[in-house]
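> Here's my sequence, what's the structure:
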Amino acid sequence: MKGIWGAVLLALLVGCGSKGGGSSSDAVKKAGPGFNIDEKPAEVQFLLPDLLPIKYHIAEDFSEDEVDGIMDVKQSWQAADALGVKFFDKNILIDENIDENDDRAYQDTTVGIYLRRSWENHPSNALAVTIYQKKGLFDDDGKLISSVMFNPDILFNYKDHEFTTDPANVSATDFQSVLVHEMGHLLGLQHVQSTKETVMFPSISPGEILREPQEIDKSHLYHNYKAYQDFSREYGYMVSGNQKGIVTQGTSLPSGFRFGKTENVAIYLMKDGTCVHKVNGKVVKVER
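Residues are numbered from 1 along each chain as shown. Below is the predicted model:
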């Protein structure tokens, strides 16, 4: 698995260029039905291969119905894969909730989904946030090719908002619809504003339900990880690491590429119809 995912890492990085998946009949066949092979993400990033398959650590404060919802969303993202990548371990672990105000507490050896009843240092109208660290891969001209993610976690704002697993409850925000969006971020997907037929649209309203990845989401997931695999095969370069970051073992980064500095990222799904991106604590983008 490490070999495949070391491969996926760098191929992803170069994926939106000439090596990132194609329109050949073989590629279409591998992708299978269910999405448009020509639809590619505007930005490529992927989860550090050594973190796969993810064994989620789930806060014990979640209800049984919410834990069942987490399992359903996890399975829906796994079903969206067309490359044979094992994104998730079949099990989850129930842990104590990390109800910390300092997000550095989440930079640990686990990938978690947490219920937060305190929400200091975060905007109160945020329903949830995906936090992670990343390193960009650049070419000699300074162009960002892709980014590798590590230390990812999903935090739900139970201090300011009400969530429900009941589709009939239109007064609260659908738990699974928020989670499928945040889990897409955790796998590397960015927002999509060109259509609302996506779980990666940057806003959600009470009563709105969309619990499974759509055509465009499956396509972006495919091209991200296909690019990683292609790059690895071409350059014979493996990337390895852990929650502390990226380390190379026995190989050197191919000539013409370099990794940038580690960045701390937070992507908020807001109840007011905006989505806020922060890097190193500063707002860098607001989407509406």
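> need the strands for the stretch 1-150 of the chain, in chain order.
For the stretch 1-150 of the chain, the strands defined by DSSP state E, counting those that start in this stretch cover 45-47, 56-59, 93-95, 111-116, 126-139, 144-157.
> Which positions within the lengthiest helix in the chain qualify as buried?
Counting by DSSP state H, the longest helix found in the chain is helix 215-235. Across helix 215-235, burial judged by 16 or more other CB atoms under 10 Å covers 215-232, 235. Every residue, glycine included, has its C-beta placed from N, CA and C.
> Low-confidence regions, the protein specifically.
Scanning the chain for pLDDT under 70 picks out 1-34, 248-251.
> and if we set it to 50?
Scanning the chain for pLDDT under 50 picks out the ranges 1-33.
> Can you tell me the centre-most residue of it?
Note on the chain: the residue nearest the mean C-alpha position is Leu186, at 2.1 Å, using CA atoms, centre = their mean.
> any idea how far Gly142 is from that one?
With the distance defined as CB to CB, to the nearest Å, Leu186 ends up 28 Å from Gly142.
> same thing with Leu179?
Look at Leu179 and Gly142: by CB to CB, they are 36 Å apart.
> If you count surrounding residues, which of the two has more?
Leu179 (26 against 8; other CB atoms under 10 Å).
> Which residue is the nearest non-sequential neighbour of that one?
In this structure, Leu179 finds its nearest non-sequential neighbour in Val73, 4.8 Å apart by CB to CB, 6 or more residues apart in numbering.
> and that neighbour, how many residues sit next to it?
Val73 has 25 nearby residues by other CB under 10 Å.
> ok, it touching Arg211?
Yes. Contact criterion CB atoms under 8 Å: Val73 and Arg211 qualify, at 6.8 Å.
> shared neighbours of these two, anything?
The overlap between the contact sets of Val73 and Arg211 (CB atoms under 8 Å, 6 or more residues apart in numbering) consists of 176, 180.
> Gln229 against Gly84, yeah?
No. With contact defined as CB under 8 Å, Gln229 and Gly84 do not form a contacting pair (10.1 Å).
> Stretch 45-61: how far from the chain's middle?
For stretch 45-61, the separation from the chain centroid amounts to 10 Å (computed by CA atoms, centre = their mean, to the nearest Å).
> My error: substitute stretch 110-120 in the last question.
16 Å.
> same thing with stretch 137-155?
Distance, stretch centre to chain centre, for stretch 137-155: 12 Å (CA atoms, centre = their mean).
> What residues of it count as buried?
With burial defined by 16+ other CB under 10 Å, the residues of stretch 137-155 counted as buried are 137-138, 145-155.
> Please dump these into JSON lines; it should also carry distance to Leu127 for every row.
What follows is these, written out as JSON lines (distance: CB to CB, whole Å):
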{"residue": "Leu137", "distance to Leu127": "31"}
{"residue": "Phe138", "distance to Leu127": "33"}
{"residue": "Ile145", "distance to Leu127": "32"}
{"residue": "Ser146", "distance to Leu127": "28"}
{"residue": "Ser147", "distance to Leu127": "24"}
{"residue": "Val148", "distance to Leu127": "27"}
{"residue": "Met149", "distance to Leu127": "21"}
{"residue": "Phe150", "distance to Leu127": "24"}
{"residue": "Asn151", "distance to Leu127": "21"}
{"residue": "Pro152", "distance to Leu127": "18"}
{"residue": "Asp153", "distance to Leu127": "15"}
{"residue": "Ile154", "distance to Leu127": "11"}
{"residue": "Leu155", "distance to Leu127": "10"}
